[in-house]
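Q: sharing a model prediction with you, sequence too.
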Amino acid sequence: MSEWNLEEYLSNGVERIVKGILKASLQNPMESLFMMQYAKDSKRAREIRRKQEQEGVHIPPFLIASITNQCNLHCKGCYARANHSCHDQGVCGEKLLQAEEWSDIFTEAAELGVGFILLAGGEPTIRKDVLEAAGTQKKILFPVFTNGTLMNEEIFSTFAKNRNLIPVFSIEGDEQTTDERRGTGTYQALIYNMEKCEEEGILFAASVTVNKENMEEALSEAFIRKLSETGCKGVVYVEYVPVDGKTRKLAFEDSDREMMNQKLNDIRNKNNDMVFISFPGDEKSSGGCLAAGRGFFHINAFGGAEPCPFSPYSDTSLKNISLKDALNSPLFLKLRENGNLEKEHIGGCVLFEQEQEVKKLLGGV
């Protein structure tokens, strides 16, 4: 796929998401007013990216930022725990990026035309200072992927004041399925905090790590109805990435992706007041994986620019290089040029299965 087609594909995808969120927010006056303004800003961002594309500079519309490496849960099959990028107390070795440094990154991202920055961790609500910094960048929408167990009045207030911050609660299905993976009591905490968001007029969504075992439940009418009853306005389905050989059997194959896409189309038709997104989605239609700067890249808690969260390798730090320059890190260029992003794979990440190859490329930079 040529670069200008890729830009068109990505920008059209952004436009569909924005329209979906705007529609989902219609019954929430404050959120709806913000989203109408954001829709205008999103079109301006698209024009900024288009002009840079004409100059030979490809700017992805998305970024993923892990703003902390600390988490209070030990979820089964967690890739961040498996690759040792997540800890109970956080911080090992390097110094975490400060809120001011994140603020500079967000500012440059807005200037480049980046429209979405997904905030993750660890558990991102631990970094209230970074959430506050993100809240000032109203031209960027920040979905905050949270386990939902550390919400308190200060965090609720931060979301209420900053409509560009959207909590996305991680849930696996019903109470038994969720607690089995995330720990006893997690489901009830999630439902409580979802309902509190609804009471306070905070737009929120849910995220499901979907695999062969929970797909039927996660795509069921009963599960979606339960989320809708709490006030949830969207669901992000993230394909499970097997962290070891024992769980490989849970990962999606092409037939599973096709089945999920068919079910999602049916769900979208029946629930037009909610937004449903799958990640990574149909990679074939986008010419391969969108990592390593094609559609997004990952910034770790220390400022390292990585291809994606599931491929935590970096040769470039945003502590001493601009966001724009990081897009063309030697590692990213090799991954894009060598065809690594187009290979067949099991599970939700093409690079996860190429760990040794990515390490070799990194060593040869």
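A: That came in fine, so what should we check first?

Q: tell me who's in contact with residue 158.
A: Applying Cβ atoms under 8 Å, 6 or more residues apart in numbering, we find residue 158 in contact with 128, 131, 132, 135, 165. C-beta here means a position set from N, CA and C on the backbone, and glycine is covered the same way.

Q: pop out the phi and psi values for the second one.
A: Dihedral angles of residue 131 (phi, psi; degrees, to the nearest 10) stand at phi -60, psi -40.

Q: so it sits against residue 165, correct?
A: Yes - between residue 131 and residue 165 a contact is recorded at 6.2 Å, counting by Cβ atoms under 8 Å.

Q: only the buried residues of stretch 192-205, if you could.
A: Neighbour counts using 16 or more other Cβ atoms under 10 Å place 193, 194, 196, 197, 198, 202, 203, 204, 205 of stretch 192-205 among the buried residues.

Q: just stretch 176-185 next, same as before
A: Using 16+ other Cβ under 10 Å as the test for burial, stretch 176-185 gives 177, 178, 179, 180, 181, 182, 183.

Q: closest to residue 273 among these?
A: The shortest approach to residue 273 among the buried residues of stretch 176-185 belongs to residue 178, at 23.6 Å (Cβ to Cβ).

Q: for that closest one, give me its contacts.
A: Contacts here follow Cβ under 8 Å, 6+ apart; on that basis residue 178 touches 171, 172, 186, 187, 190.

Q: change it to 7 Å
A: Listed by Cβ atoms under 7 Å, 6 or more residues apart in numbering, the contact set of residue 178 reads 171, 172, 186, 187.

Q: got the buried residues of stretch 192-205 as a markdown table, with distance to residue 361, secondary structure and pLDDT columns?
A: A markdown table is the format used below for the buried residues of stretch 192-205 (distance: Cβ to Cβ, whole Å; DSSP: H, G, I helix; E, B strand; the rest coil; pLDDT from 0 to 100):
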| residue | distance to residue 361 | secondary structure | pLDDT |
| --- | --- | --- | --- |
| 193 | 41 | helix | 98 |
| 194 | 42 | helix | 97 |
| 196 | 46 | helix | 97 |
| 197 | 42 | helix | 97 |
| 198 | 46 | helix | 96 |
| 202 | 42 | coil | 96 |
| 203 | 40 | coil | 96 |
| 204 | 39 | coil | 96 |
| 205 | 35 | strand | 96 |
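
Q: report the two of the residues you listed separated the most.
A: Taking Cβ to Cβ as the measure, the buried residues of stretch 192-205 span a maximum distance of 15.0 Å, between 196 and 205.

Q: which residues of this protein score low on pLDDT?
A: Across the chain, the ranges flagged by pLDDT under 70 are 1-5, 91-93, 245, 282-287, 345-348, 364-365.

Q: kindly indicate whether the residue most central in space within it is helix, strand or coil.
A: Most central in the chain under Cα atoms, centre = their mean is residue 118, positioned 4.4 Å from the mean C-alpha point. Following DSSP: H, G, I helix; E, B strand; the rest coil, we place residue 118 in the strand state.

Q: number of residues surrounding the closest residue to it other than its chain neighbours?
A: Distances taken as Cβ to Cβ, 6 or more residues apart in numbering place residue 64 nearest to residue 118, at 4.7 Å, with adjacent residues excluded. The tally of other residues near residue 64 (other Cβ atoms under 10 Å) stands at 20.

Q: now do the SS call for residue 64.
A: Following three-state DSSP, the label given to residue 64 is strand.

Q: how near is it to residue 213?
A: 25 Å (Cβ to Cβ, to the nearest Å).

Q: circling back to that earlier point, wait, the residue nearest to residue 118 sits on residue 293?
A: No - under the criterion of Cβ atoms under 7 Å, residue 64 is not in contact with residue 293, lying 11.8 Å apart.

Q: strands along this structure, start to end?
A: Assigned by DSSP state E, the strands in the chain fall at 62-66, 116-120, 142-146, 165-170, 205-210, 234-239, 275-279, 298-299, 305-306.

Q: name the residues that touch the fifth one?
A: Which is strand 205-210. Identification of contacts with strand 205-210 by Cβ under 7 Å, 6+ apart yields 145, 166, 168-172, 218, 227, 232-240.

Q: which one of the contacts of residue 178 is nearest to residue 269?
A: Nearest to residue 269 among those: residue 171, at 22.8 Å, using Cβ to Cβ.

Q: wait, what's in contact with that closest one?
A: Under the criterion of Cβ under 7 Å, 6+ apart, the contact list for residue 171 reads 178, 190, 206, 208.

Q: next one: residue 21
A: Residues counted as contacts of residue 21 (Cβ under 7 Å, 6+ apart) are 35, 275.

Q: then residue 306?
A: 297, 298, 300, 312, 313, 314.

Q: in helices, which of the residues you listed appear?
A: Using DSSP state H, no member of the contacts of residue 306 falls in helices.

Q: what is the nearest of those residues to residue 123?
A: residue 300 (14.8 Å).

Q: ok, that closest one touching residue 64?
A: No - if you go by Cβ under 7 Å, residue 300 and residue 64 don't touch, sitting 9.6 Å apart.
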